[in-house]
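Student: Sequence and computational prediction follow.
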Amino acid sequence: MDRPSTPRWLSLLVVAGVGALLFASACQGPNAEDVLRNRPCEPGTMACAPGYVCDLATLRCVDGSEGVGGGEPMPSVCDGPEDCPPPESPCERVVCVNDRCGVEAEPVGLPAATQVDGDCRAEICDGNGSTESRVDPDDIPDDGNPCTLDQCNDGDPENAPLGEGEGCDDGGLCDDGGTCVQCISASDCTDLPPDGECHQRQCSNGQCVSSFTASGTPVEAQSLGDCQVAVCDGAGEVVQAPDDGDVPDDANDCTTDACVAGAPTFSAKSVGAPCGPSGQCNGMSQCVGCVSAQDCGTNSACVAHTCNSGTCEVVYTPPATPLPANQQTAGDCQQLQCNGTGAVLSVSASLDVPIDDGNACTGETCVSGAPQHPPEPLNTSCPQGVCNGAGSCGACNNASQCPNQGSVCQTATCANQTCGLDPLPNGTQAPASSQTAGDCAVLVCDGMGATMANPSPSDTPDDNNDCTQDQCAGSMPDHQPSPAGTSCGVGGACDGAGMCNEAGKADGATCVLGSECASSHCTDGVCCDTSCSGTCEVCGGIAATAPAGQCGPVASGEDPDVECSASQTCNGSGGCGFSCGQAPQAPGGTCPATCTGGCIGDVCQIDCNGAQSCKDATVACPEGWACEVQCGSTESCNNLVVDCPLRYTCNVLCSGDCQGLDLQCDTGTCDLFCGGGASCLGAGITCGGNACQATCQGGVKPSVSCGSACTCSPC
């Protein structure tokens, strides 16, 4: 999938961390000794400059006059670098020193000239003439496929298929295999005529095609007594064909009704033929010998009988006159009308739509006079979630539509419109967002959807203290004091106990003691303009409203130092107050073992997605963390009691069974999400003093005890 990207040269410089220092270094002239001696070499090669040989003991170039070596010196004599052979490594450049050719290593951090586009990596010079490969998240692979998401995953190129139904080129749709097609279901084929008795839309192998009913097949809507039959022509249209068996009826006893070659005929009966209750035909299609109209026949909506001077006469209702409503059939897409010769004609009526079939994923319409219930488009909303474009309602059509996306070690799935969760393979590294930098450990998946911590010596901690040695002791961060006299800060020296004896730091500089600062105030880890010791005051950090080094009020809704009561947060003006619907950001820290689904930011995820995994249990959310409990399977959270943390947000996602669940809210915001069906049958929420709500997709709703909640929203 094409994406705008940072220019490759700029991306490489960012990955390399190259700044002004690199370029300043690159502009310095080479030192002859650095260039010509101590260069790595191998015996029998031409690696050393004239006058220098390869020392077999150290494998370094040395002055040939020292009487060591064994390699042959490079015979090149030069006036400038252009006279010298090219270097072997892209991280070396040719130099000419004292009329002799040599090579000099490019500065550390300089991007190498040899790069591979789209491999998610950058080749960077190491300062010793070689290259090292680093992760470059901006070197995104482009496979030219609009139905894949081109991205870098921890240094590996990845072209993951987009969700089924996502739009692609020229109005197309992505299928579940990552291919741009014309359609997923027949309902996507909107450029074709709508379905009818003689024409049906089909989606075949991602292409819209038409299917035609066989020629000569009668359709449902017919006009009785017109000597014709409506049939399909084999090309999707309805045509009329002769049908001499569809005999008309003019309601006249003195005519013989017939069809001849598809046309109605009404020939007069012979004189004396009986007609009416007691009359006779006069040979001119008239019945004589009547006393009243009742003697001439029964009237209908399309025929009126009269007796005129002993002669029966027939008056026909004008053509296209609708029959009364009590003689019509509602919802059959037809209207009964008089044909002008006494017969009843059924014609198409597009406004006489069929009765709702009760399926939210089908519509109601008339097509060529026939009732139709076509499927609604893909992803149309319905009670259980979304329509699949074929008339069925379910929770999802692709995994991204599932409300429970699982923990960091789970992948949401969608099969047969049902959401599920699959664990990531054992040993898969959890995403960077769930890792804690500098904790000497890396979170990996255990193959069952949860995380486990493995020691990672390379994940060294950094306490931003020049007077400690940051390292890992097994899986634990360790900060041993640096030796006394070690340089630190600006002109300072370490005291051997982890402190830097430095004075005069400007406001905003990091500090440990006030004696380090020009202002004599070290607050919240930085030099501050005042002591900044008032309630809900801060001198830096994510909750600050003023620049680092300047004391100001904590942002409204936050309370990083937990100075306010359990039901209050800082009000943005240097005091505490209650703000309905707000919960402060939790301090977080090392992810507690209680968080079986890992931690994302300040949110502890408790994984109850397995069948009966938390049934009849009690889950206590850890203090100091926001909390999210995930219930995604059969009886996974039936009769579960959830005790929410003090002050912070608490949410429960019930895409599986949560029957009888008891959510005990505290002073933070609180939310219970119930999926379709009876997932929350018998469940209940006991609200605290903050905002409290339940969200339901199905018809079964949990009970909500609002109590003292500042706002309460049941389903």
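Tutor: Yep, that arrived. Residues are numbered from 1 along each chain as shown.

Student: most distant residue from the middle of the chain?
Tutor: Distance from the C-alpha centroid of the chain, by C-alpha atoms, centre = their mean, peaks at residue 272 (85.8 Å).

Student: Would you agree it is in contact with residue 280?
Tutor: Yes - counting by C-beta atoms under 8 Å, residue 280 is a contact partner of residue 272 at 5.4 Å. Any C-beta I mention is one placed from the backbone N, CA and C, and that applies to glycine too.

Student: what's near enough to touch the nearest residue to residue 477 once chain neighbours are set aside?
Tutor: Nearest residue to residue 477, sequence neighbours excluded (C-beta to C-beta, 6 or more residues apart in numbering): residue 461, at 3.7 Å. Residue 461 sits next to 438-440, 470-472, 477-479 when contact means C-beta atoms under 8 Å, 6 or more residues apart in numbering.

Student: Strands of the stretch 101-250 of the chain, start to end?
Tutor: Listed in chain order, the strands of the stretch 101-250 of the chain (DSSP state E, counting those that start in this stretch) span 121-125, 131-135, 148-153, 156-161, 173-174, 180-181, 199-204, 207-212, 228-232, 238-242.

Student: what about residue 156, distance to residue 84?
Tutor: 39 Å (C-beta to C-beta, to the nearest Å).

Student: Comparing those two, which residue is more hemmed in?
Tutor: Remark: of residue 156 and residue 84, residue 84 carries more neighbours, 21 against 12, as counted by other C-beta atoms under 10 Å.

Student: In a markdown table: the strands of the stretch 101-250 of the chain, plus mean pLDDT.
Tutor: A markdown table is the format used below for those (pLDDT from 0 to 100):
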| stretch | mean pLDDT |
| --- | --- |
| strand 121-125 | 91 |
| strand 131-135 | 89 |
| strand 148-153 | 90 |
| strand 156-161 | 90 |
| strand 173-174 | 92 |
| strand 180-181 | 93 |
| strand 199-204 | 92 |
| strand 207-212 | 93 |
| strand 228-232 | 94 |
| strand 238-242 | 94 |
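
Student: Could you dump the ones you listed into TSV with distance to residue 500 added?
Tutor: Shown next, in TSV, are the strands of the stretch 101-250 of the chain (distance: least, C-beta to C-beta, whole Å):
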stretch	distance to residue 500
strand 121-125	32
strand 131-135	31
strand 148-153	39
strand 156-161	41
strand 173-174	57
strand 180-181	60
strand 199-204	71
strand 207-212	72
strand 228-232	92
strand 238-242	92
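
Student: Identify whichever of the ones you listed lies nearest to residue 316.
Tutor: Residue 316 lies closest, by C-beta to C-beta, to one member of these: strand 228-232, at 19.4 Å.

Student: residues touching the nearest residue to residue 356 once chain neighbours are set aside, list them.
Tutor: With sequence-adjacent residues excluded and distances taken as C-beta to C-beta, 6+ apart, residue 356 is closest to residue 364, at 5.8 Å. Residue 364 is in contact with 353-357, 371-373, counting by C-beta under 8 Å, 6+ apart.

Student: give me every residue that touches the residue farthest from the centre of the chain.
Tutor: Counting by C-beta under 8 Å, 6+ apart, residue 272 touches 280-281.

Student: wait, is it part of a helix?
Tutor: No - per DSSP: H, G, I helix; E, B strand; the rest coil, residue 272 lies outside any helix segment and is coil.

Student: any chance you could map the helices in the stretch 301-450 of the chain?
Tutor: Under the criterion DSSP state H, counting those that start in this stretch, the stretch 301-450 of the chain carries no helices.

Student: Out of the contacts of residue 364, list just those in strands.
Tutor: Within the contacts of residue 364, residues falling in strands by DSSP state E are 371-372.

Student: Now, of the contacts of residue 364, which are buried?
Tutor: Listed as buried from the contacts of residue 364 are 353-354, 371-373; burial here means 16 or more other C-beta atoms under 10 Å.

Student: so how many other residues sit close to residue 643?
Tutor: For residue 643, the neighbour count with other C-beta under 10 Å is 15.

Student: Quick check: it touching residue 662?
Tutor: No - using C-beta under 8 Å, residue 643 is not in contact with residue 662; the gap is 9.4 Å.

Student: Which pLDDT value belongs to the residue nearest to residue 477?
Tutor: Per-residue confidence for residue 461 comes out at a pLDDT of 92.

Student: same thing with residue 216?
Tutor: 94.

Student: cool, residue 42 as well?
Tutor: Residue 42 is assigned 67 on the pLDDT scale.

Student: Is the residue nearest to residue 550 when sequence neighbours are not counted part of a helix or strand, or is it coil?
Tutor: In space, and not counting its chain neighbours, residue 550 is closest to residue 529: 5.5 Å by C-beta to C-beta, 6+ apart. Taking three-state DSSP as the rule, one finds residue 529 in the coil state.

Student: and the gap between residue 529 and residue 154?
Tutor: Going from residue 529 to residue 154 by C-beta to C-beta gives 42 Å.

Student: and if you look at residue 205?
Tutor: Taken as C-beta to C-beta, the span from residue 205 to residue 154 is 36 Å.

Student: Confirm that residue 515 sits in a strand.
Tutor: No - Residue 515 is assigned helix when assessed by three-state DSSP, not a strand.
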